[in-house]
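Asker: Provide a 3D model corresponding to the input given below.
(chains A and B)
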2 protein chains.
Amino acid sequence: MTAQKSGRITMPLKILSTGAAVPAKCVTSSELDRRFNKPDGYVQRRSGIEHRFHITDDVSQAQLAVMALTDALQRQQIAPESIDLLISAAAIGTQALPYTAAHILKISGLPQHIASFDINNSCIGFMTALEMAACLLNQGVYRRIAIVAADLASRGLNWDDEESALIFGDGAACAIVEKGDGSSGILSFLLETYPEGLNLCEIRAGGTRRNLRIGMEDSDFLFDMKGKQLFRLASTLIESFAERLLQQAGLSMPQVDCVLMHQASHLAIKHICKQLHIRPDQYVDIYRYRGNQVAASLPSVMHEAWTTGRVHVGKPLMLFGTAAGLTLGGMVLLP
Amino acid sequence: MTAQKSGRITMPLKILSTGAAVPAKCVTSSELDRRFNKPDGYVQRRSGIEHRFHITDDVSQAQLAVMALTDALQRQQIAPESIDLLISAAAIGTQALPYTAAHILKISGLPQHIASFDINNSCIGFMTALEMAACLLNQGVYRRIAIVAADLASRGLNWDDEESALIFGDGAACAIVEKGDGSSGILSFLLETYPEGLNLCEIRAGGTRRNLRIGMEDSDFLFDMKGKQLFRLASTLIESFAERLLQQAGLSMPQVDCVLMHQASHLAIKHICKQLHIRPDQYVDIYRYRGNQVAASLPSVMHEAWTTGRVHVGKPLMLFGTAAGLTLGGMVLLP
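Answerer: Numbering: from 1, shown residues only, chains lettered A, B, ... in the order given. Take a look at the predicted model:
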C-alpha cells in the first residue's frame, strides 16, 4: 500500500527512534493475591495482568523518564546535541511548580539550555504532544524533538479500591521525531473532550482544588475511578469518533495495519476491539505485563510496535485512546 | 513602520480579542501592614504593590478562567461556537488528574466537545501556548483557539516568608486567536531552559515527588522562592537572550513599540528595563495593582495593552519573561 492509496499526509512527521523504561521492581499478581489474602489467581483474573512494575521510593519520575529518553537516543545513535526541544507528556507531574520537563532536562544528557515544556492531556498526552511536535517541525520552529511520558501511578494507588489499585503500573517511554522527507506523517488527528465525565477518573489534590488552604484528606491524593461509568460513557462515543478519524484519513478500519491503543484495562481493550472491529492481528497489546501506565502507555505500546517488527513503511497505523477528562484522542500515521 | 521594515513574519497570527478577570476580594498593602503588625507603608515599599486580588475559598480556578474567557468572547462579540480548541496555560493546575482545561471547558459556554489540553511552562506558559496555537492554526489543525491562563497563587502562599507572600496576586486572562490574513503574526520566538535554577522557585507537593507515599510536609504545599539567587541567575542571561530574540526578528530594542513583560516583581521589572534598555514609554506595567499573577501575568498585561491603546497595527511588540524552571521566553509579534 502506498502513501497515495492510504490517504493524504496532512503533516510530514518521521519517528526517528523510540525508547521505553520500567522500574526495577516487578510486582506479580500472585504476590498481590498473597498480600491481600485473595485466592490464587484472583488478582490476575480481576486485573488481566500477570505482572506490572512499581517504582521504589528512591527513584524519581525524572530518572525513569531519562532512562526511556536515553534508550531512544542510543537505539538509533542519535546525538543528544541534535535535540532542540524536550516535551514532557506525563499525566501527573512531578510537583505543582515548576513543570516536569525542566526536572527531566536537568538530569538528562541533553544540552542543558534547550527549550522545554509540558503538554498535559491526561492519558493521551503523548498523542497530543506528537501532533504539536509535527506542527512545530513543519513550521520550522524546531528540527528534532524528544517527547517523553513518564507516569508513576503507584504513588497514588488506593489499595482499598481493587478496581484502580490492581490495574496500574509505572513506566516511561519516549519518541524522537523530526519532519522527515514527507514520505511519512500524519493522515488525521482528532481530539474531543467530554467534560460530563470529568469526575469519573481523578486525583483531586495537587493543585488549587484541594490543598492546605482549602482543606484536603488522604483520599484526595489517590486515584478515584468510577470505571463502569467511564466505560459506559466512552462506549457511547468511540464508534462515531473512530469513524470520523478514519474518514479524515480516507481509510476504513480493515485498511489499518496496526492499532496502538492506550492500555486502559484488559476489558477496555477487548471492548474497543469489538466495537471498532479491530482484528487481533491488528493491535499491539502490552497490558498483561505492564498494566495501565497512564500517559506512558501509548508511547510504550508504540515502542513495542516499533521494535518488534509490527510497523511497516507505507502502511497506516492508528493511535487511539480514552483518557481522564473524559477525553478521546486518535491519530492515523503513515510510518 | 510597515511589516516589511520591522522584520519578516515567520508565522501569521491574529489576536482577535483579549479578556481578563480578577477575584472580587482586593487585598491592600495597608491591610497587610495591619495584619502583620508592620509600620504603615512597609508592605507597599517591600512589595511594590498597592493592592492585589486574592480569591475566596468558594470560587474555583476554572470559574476565574471562565470569567476571563467570557470577557474575551464578549468584547469582540465572538461566537463561542467558533472556538475549536481550548488551551489552559496555568502554571499550577486544578488537581493532579485530569488536566485543567477540561475543568474550564466543563463550566464554560464553549461547545462541550471541542479539543482541550494544558500547556505548562510555569510563568511563561501563555507565550508558549501562543506559539503552539500559531503552529496549529498555520497547519490548519484548528481555526480559532482560546488560550486561558488562570493562577491562584494565594492558595500556596507561605505567610512566614515575606519575600514570596507579599508579591503574588490571583488572576486570569485570555486571548482568542486565529491565523488572520498574514498581515499580523510572530516575527520571532525563543524559549530556553536553565535547570540549574530548578529549585529557586518551587512548590514541591502536587505530584510524584512529595505525596502520601513518599511523605510530605506543610511547607511542600507552599511557594519556596529564593528570589535573590533567581534574580542573579536571570540577570546573567537576559541580555544575550533578548539580543538573540531581537536579532531573529531583525529588530533592535528602540524599534520595539511595546514590551509586555511577565510581572515578576517591581525590582525584576526595573532591572530588566535597565539591563535591556527598555524606555518607560515602551513597557506596560500592571504590577502595582495586581502583583505577580504567575502565568496569568503575561496575558493580563497583554489585555491591558490591547484595551488601553498601547498596541498599534504594524508596530512590533515584544513579550518577555523569566519563569520557574528557570525558563526564559520571548516573542516578537506584529499586531
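Asker: wait, A:Q248 touches A:L191, no?
Answerer: No - applying CB atoms under 8 Å, one finds A:Q248 not in contact with A:L191, separated by 12.0 Å. Placement of C-beta: from N, CA and C, glycine included.
Asker: just to check, A:N138 is in contact with A:E178?
Answerer: No - under the criterion of CB under 8 Å, A:N138 is not in contact with A:E178, lying 10.5 Å apart.
Asker: what are the ranges of the strands in the stretch 201-335 of chain A?
Answerer: Ranges of strands within the stretch 201-335 of chain A are A:201-202, A:224-225, A:258-261, A:283-284, A:317-323, A:327-334, based on DSSP state E, counting those that start in this stretch.
Asker: related to what we said a few turns ago, A:Q248 and A:L191 - which one has more neighbours?
Answerer: More crowded of A:Q248 and A:L191, by other CB atoms under 10 Å in any protein chain shown: A:L191, with 26 against 17.
Asker: the host helix or strand of the more buried one - contacts with which helices or strands?
Answerer: Here A:L191 sits within strand A:185-193, counting by DSSP states H and E. Under the contact criterion of 3 or more CB pairs under 8 Å, 6 or more residues apart in numbering or on different chains; DSSP states H and E, strand A:185-193 touches strand A:11-12, helix A:125-138, helix A:227-249, strand A:327-334, helix B:100-107, strand B:115-120.
Asker: ok, back up a step: so which of the strands of the stretch 201-335 of chain A gets nearest B:I167?
Answerer: strand A:201-202 (31.5 Å; CB to CB).
Asker: and of the helices and strands packed on strand A:185-193, who's closest to A:H103?
Answerer: It is, among the helices and strands packed on strand A:185-193 and with distance given as CB to CB, strand B:115-120, at 11.9 Å.
Asker: quick one: pLDDT of the nearest residue to A:W159 once chain neighbours are set aside?
Answerer: Excluding the flanking residues, the one nearest A:W159 by CB to CB, 6 or more residues apart in numbering or on different chains is A:A165, at 5.0 Å. Note for A:A165: predicted pLDDT of 92.
Asker: same question for the one 5 residues further on.
Answerer: In the prediction, the pLDDT value recorded for A:D170 is 98.
Asker: how about it, phi and psi?
Answerer: phi -90, psi 160 (degrees, to the nearest 10).
Asker: how close does it sit to chain B?
Answerer: 9 Å (CB to the nearest CB, to the nearest Å).
Asker: what's that residue in contact with, if anything?
Answerer: A:D170 is in contact with A:22-23, A:52-55, A:64, A:151-154, A:293, A:296, counting by CB atoms under 8 Å, 6 or more residues apart in numbering or on different chains.
Asker: cutoff 10 Å now
Answerer: Each residue near A:D170 by CB atoms under 10 Å, 6 or more residues apart in numbering or on different chains is listed here: A:21-23, A:25, A:27, A:52-56, A:59, A:61, A:64, A:150-155, A:290-291, A:293-294, A:296, B:208.
Asker: which one is A:A133 nearest to, not counting chain neighbours?
Answerer: A:I145 (4.5 Å).
Asker: with A:V59 instead?
Answerer: A:P23 (6.2 Å).
Asker: is the one you found in a helix, a strand, or coil?
Answerer: Following DSSP: H, G, I helix; E, B strand; the rest coil, A:P23 is assigned to coil.
Asker: so it touches A:A65, yeah?
Answerer: No - A:P23 is not in contact with A:A65 according to CB atoms under 10 Å; the separation is 11.8 Å.
Asker: overlap of the contact sets of those two?
Answerer: A:A172.
Asker: now do the contacts for the nearest residue to A:G330 once chain neighbours are set aside.
Answerer: Once flanking residues are discounted, A:G330 sits nearest to A:L245: 4.0 Å by CB to CB, 6+ apart. A:L245 sits next to A:187-192, A:238, A:251, A:318-320, A:328-332 when contact means CB under 10 Å, 6+ apart.
Asker: switch to 6 Å and redo it
Answerer: Residues near A:L245 by CB atoms under 6 Å, 6 or more residues apart in numbering or on different chains: A:S188, A:L190, A:G330.
Asker: for A:A72, pull up the helix or strand it's in.
Answerer: Using DSSP H and E, A:A72 falls in helix A:61-75.
Asker: looking at chain A, which residue reaches furthest from the middle?
Answerer: In chain A, counting by CA atoms, centre = their mean, A:R213 sits farthest out from the average C-alpha position, at 32.8 Å.
Asker: separation between it and B:G156?
Answerer: For A:R213, the distance to B:G156 (CB to CB, to the nearest Å) stands at 8 Å.
Asker: then A:Q112?
Answerer: Here A:Q112 is placed at a distance of 28 Å from B:G156 (CB to CB).
Asker: those two - which one has more neighbours?
Answerer: Between A:Q112 and B:G156, counted using other CB under 10 Å, the more crowded position is B:G156 (26 against 13).
Asker: who's in contact with that one?
Answerer: B:I203, B:L222, B:F223.
Asker: can you tell me the residue of the stretch 201-335 of chain A closest to chain B?
Answerer: Nearest to chain B, among the residues of the stretch 201-335 of chain A, is A:G206, at 3.2 Å (CB to the nearest CB).
Asker: understood, closing this out.
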